[in-house]
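A.B. asks: coords below, sequence missing:
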């Protein structure tokens, strides 16, 4: 799939919610957006990004995992001009959703990261390690805590950091790329 061409078809965060989210879904996304707070060091890290990255996000306005994670991406994009973020509804873009399938299913949110010139640099989704630890802990029941799941109050902050780690990893791939260093003369 030509992700670079597909990127141009995407919607901004606000456009995506306006097109695909009903009033209740938009309210839930705004609630999480308002809960996300980047720390000073996270904001500083994002501001230090030097390379442009294009990020395609397959999501569903109806999806609880998207509600709890996609607003994080919007915060990241707002913190640096070097993240260009585009959203795609899973059901409206089934070929993209299938291309980014996780464990054989079009799970959301799923992201693909591109360089400024459209080269694929990585994929990540549908939940972060912190969120999977929480889910696994809940599956085993309250009577049998595993000790691997962070307390529920800390999960959002942990998920923000998990995602930031992935965005930073991609930024470092771009920053250290010999091809891009030659292009930018650095």
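C.D. replies: Structure received. No experiment lies behind these values; they were computed from the predicted model shown.
A.B. asks: List the contacts of residue 171.
C.D. replies: Each residue near residue 171 by C-beta atoms under 8 Å, 6 or more residues apart in numbering is listed here: 49-51, 53, 82. C-beta coordinates here come from the backbone N, C-alpha and C atoms, glycine included.
A.B. asks: Figure out the helix or strand that it lives in.
C.D. replies: Counting by DSSP states H and E, the element that carries residue 171 is helix 152-176.
A.B. asks: List the buried residues of that helix.
C.D. replies: For helix 152-176, burial by neighbour count (16 or more other C-beta atoms under 10 Å) applies to 155-164, 166-168, 170-171, 173-175.
A.B. asks: that older thread, in a markdown table, list the contacts of residue 171 along with neighbour count.
C.D. replies: What follows is the contacts of residue 171, written out as a markdown table (neighbours: other C-beta atoms under 10 Å):
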| residue | neighbour count |
| --- | --- |
| 49 | 21 |
| 50 | 12 |
| 51 | 21 |
| 53 | 22 |
| 82 | 18 |
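A.B. asks: The helix holding residue 171: how far from the chain's middle?
C.D. replies: Its chain's C-alpha centre and that of helix 152-176 lie 9 Å apart, by C-alpha atoms, centre = their mean, to the nearest Å.
A.B. asks: How about residue 174, nearest residue that isn't a chain neighbour?
C.D. replies: Distances taken as C-beta to C-beta, 6 or more residues apart in numbering place residue 51 nearest to residue 174, at 3.7 Å, with adjacent residues excluded.
A.B. asks: by how many degrees do the helix or strand bottoming out on mean pLDDT in the chain and helix 152-176 diverge?
C.D. replies: Scoring the helices and strands of the chain by mean pLDDT, DSSP states H and E places helix 129-139 at the bottom, with a mean of 83. Per axes from the mean of the first three to the mean of the last three C-alpha atoms, to 10 degrees, the angle that helix 129-139 makes with helix 152-176 is 150 degrees.
A.B. asks: Okay, buried residues for helix 129-139 please.
C.D. replies: So helix 129-139, judged by 16+ other C-beta under 10 Å, has buried residues 130-131, 133-134, 137.
A.B. asks: Might you report the residue contacts of the residue positioned nearest the centre of the chain?
C.D. replies: For the chain, the residue sitting closest to the mean C-alpha position, by C-alpha atoms, centre = their mean, is residue 73 at 5.0 Å. Counting by C-beta under 8 Å, 6+ apart, residue 73 touches 13, 55, 57, 85, 109, 111, 163.
A.B. asks: quick one: which of the contacts of residue 171 sit in strands?
C.D. replies: Counted as lying in strands by DSSP state E, out of those, are residue 53.
A.B. asks: now, which of the contacts of residue 171 sits nearest residue 100?
C.D. replies: residue 53 (16.4 Å; C-beta to C-beta).
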